[in-house]
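Asker: predicted model, plus sequence, below.
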Amino acid sequence: MISRSGSDVLAGAEATKKSSDLPVRVASAAVMLAVAGTALWLGGLWFDLFALVVALLCVSEFGRLALQAFAGRMAKIAALLLGGAYIAAAAYALIILPVEVVLGVIAVVVATDTGAYFSGRTIGGPKIAPKISPSKTWAGLGGGMLAAGLVSLAFFYSNVGERAFSPMGLVALGIGAGLAVVAQSGDFFESWLKRKAGVKDSSNLIPGHGGVFDRVDGLLPVAIVTLLLWFGAHP
């Protein structure tokens, strides 16, 4: 008879749970994509309202985490104020940036997550910060940077209409790779906050995906940095 350790049993149970949750996760992802895509397509006031609703939900979830993560009245107040400013700045960036740039921001964040997931699982290797986010590896970060850089390069050439390589194309590649690091930093920040709060997800609002903050943790800092870059290029 082959005995199984407690960790093996738990791992198997977790794998079974994830497998059983897959239809729910796929359905939730489809709904989220449809809603976000419709808001982007309609643009104008509709997208502004969508960004505002997402920001308000995010602030609510951040507040819940902050109140659980920090001790002391002043620490809680400081966390709530800084978190509110952080999320408000990201929402402002998404509202004020041109829709083409917003699409690029979203594409870079998605490319970062996708590249990091596949390269991390394929290559593995040393963890970046195992006590904060055990699944994040340096190989994953490298894959996310490469994917985001290529997406940024593709957006650059599609917008300027050029096909030949140029120094500005190399700059676009570097910006995309740098934004991937920013996105991962946002992911680490939320993971750190959730660990301090002692929770797995920011909420259970989205079936199979946790909360809104869980879905946009990487998008928030990328939107802010992109707005700063945009202001720098369009003084």
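Answerer: Here it is on my side, so go on. A quick note: this is a predicted structure, and the numbers were derived from the prediction, not measured.

Asker: rest of the way, CA atoms for contacts and neighbours
Answerer: Fine.

Asker: do a quick rundown of the helices in this protein.
Answerer: Along the chain, the segments classed as helices by DSSP state H run 6-42, 44-69, 73-96, 99-123, 138-160, 167-197, 212-216, 219-233.

Asker: can you list those in JSON lines and add mean neighbour count, mean pLDDT and distance to Asn204?
Answerer: Listed next are the helices of the chain as JSON lines, based on neighbours: other C-alpha atoms under 10 Å; pLDDT from 0 to 100; distance: least, C-alpha to C-alpha, whole Å:
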{"stretch": "helix 6-42", "mean neighbour count": "13", "mean pLDDT": "64", "distance to Asn204": "12"}
{"stretch": "helix 44-69", "mean neighbour count": "18", "mean pLDDT": "93", "distance to Asn204": "10"}
{"stretch": "helix 73-96", "mean neighbour count": "17", "mean pLDDT": "95", "distance to Asn204": "19"}
{"stretch": "helix 99-123", "mean neighbour count": "20", "mean pLDDT": "91", "distance to Asn204": "21"}
{"stretch": "helix 138-160", "mean neighbour count": "22", "mean pLDDT": "90", "distance to Asn204": "27"}
{"stretch": "helix 167-197", "mean neighbour count": "20", "mean pLDDT": "93", "distance to Asn204": "13"}
{"stretch": "helix 212-216", "mean neighbour count": "21", "mean pLDDT": "90", "distance to Asn204": "9"}
{"stretch": "helix 219-233", "mean neighbour count": "18", "mean pLDDT": "93", "distance to Asn204": "19"}
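
Asker: which stretch among these comes nearest Ser203?
Answerer: helix 44-69 (6.5 Å; C-alpha to C-alpha).

Asker: and the closest one, how far from the chain's centre?
Answerer: 14 Å (C-alpha atoms, centre = their mean, to the nearest Å).

Asker: that helix versus helix 99-123: what angle between them?
Answerer: Here helix 44-69 runs at an angle of 40 degrees relative to helix 99-123 (axes from the mean of the first three to the mean of the last three C-alpha atoms, to 10 degrees).

Asker: quick revisit: what would the helices of the chain look like in TSV with distance to Ile206?
Answerer: Putting the helices of the chain into TSV (distance: least, C-alpha to C-alpha, whole Å) gives the following:
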stretch	distance to Ile206
helix 6-42	7
helix 44-69	11
helix 73-96	19
helix 99-123	18
helix 138-160	25
helix 167-197	17
helix 212-216	7
helix 219-233	17
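
Asker: residues in contact with stretch 130-146?
Answerer: 111-121, 123-129, 176-181, 184, 188, 191-192, 195 (C-alpha atoms under 8 Å, 6 or more residues apart in numbering).

Asker: if we use 7 Å, what do you get?
Answerer: 111-117, 119-120, 123-128, 177, 180-181, 188, 191-192 (C-alpha atoms under 7 Å, 6 or more residues apart in numbering).

Asker: contacting residues for Ala91?
Answerer: Contacts of Ala91 (C-alpha under 7 Å, 6+ apart): Ala51, Leu52, Ala55.

Asker: again, only this time at 8 Å
Answerer: Ala51, Leu52, Ala55, Leu220, Ala223.

Asker: ok, now Leu80?
Answerer: Leu80 touches Phe62, Gly63, Ala66, counting by C-alpha under 8 Å, 6+ apart.
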